[in-house]
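Novice: quick one: sequence plus predicted model below, questions after.
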Amino acid sequence: MVTCYLRYVIDPYKLAEFEKYAKMWIPLVSKLGGTHHGYFLPHEGANNIAFALFSFPTLAAYEDYRMRMWQDAECKAAFRYAEETRCIVSYERSFMKPIFE
């Protein structure tokens, strides 16, 4: 299993827009074969940092998701929404191997 860890720098004045964007992606990751573990929005501390975690059985499955995502109309709409609202300032993506025991 591989888990994608996304760290976002968001516009703190557009938290509602980012939350809407996050809620768009949770079912899309599932639709395209992944398991979404949720978005984590600012609560205490920094008001402009958010996180997301989602997993795929293999890195190859994640790469397949990335290819299919660019063809999916709902995914394109989610990207367009983020671009139009400018709720995301930047993001970084890392891949982790989870350990459960």
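Specialist: Perfect, I can see it now.
Novice: got the end-to-end distance for stretch 5-20?
Specialist: This stretch, stretch 5-20, spans 19 Å end to end (Cα to Cα, to the nearest Å).
Novice: gap between residue 4 and residue 84?
Specialist: 24 Å (Cβ to Cβ, to the nearest Å). (Each C-beta comes from the backbone N, C-alpha and C, glycine too.)
Novice: quick one: residues contacting residue 1.
Specialist: 55-58, 97-98 (Cβ atoms under 8 Å, 6 or more residues apart in numbering).
Novice: so which of these wins on neighbours?
Specialist: Ranked by the number of neighbours (other Cβ atoms under 10 Å), these place residue 56 first, at 22 neighbours.
Novice: test my guess that it contacts residue 68.
Specialist: No: with contact defined as Cβ atoms under 8 Å, residue 56 does not reach residue 68; the gap is 11.8 Å.
Novice: remind me, longest helix of this structure?
Specialist: Assignment by DSSP state H gives helix 15-31 as the longest helix of the chain.
Novice: from the contact counts, what lies against the next helix-or-strand element following that one?
Specialist: Later in the chain than helix 15-31, the nearest helix or strand by DSSP states H and E is strand 35-40. Contacts defined by 3 or more Cβ pairs under 8 Å, 6 or more residues apart in numbering; DSSP states H and E place strand 35-40 against helix 15-31, strand 49-56.
Novice: distance from the chain centre to the shortest one, please.
Specialist: The chain centroid and the centroid of strand 49-56 are separated by 5 Å under Cα atoms, centre = their mean, to the nearest Å.
Novice: before we move on, what about stretch 37-47?
Specialist: Using Cα atoms, centre = their mean, the offset of stretch 37-47 from its chain centre is 13 Å.
Novice: so how far is stretch 10-26 from its chain's centroid?
Specialist: 10 Å.
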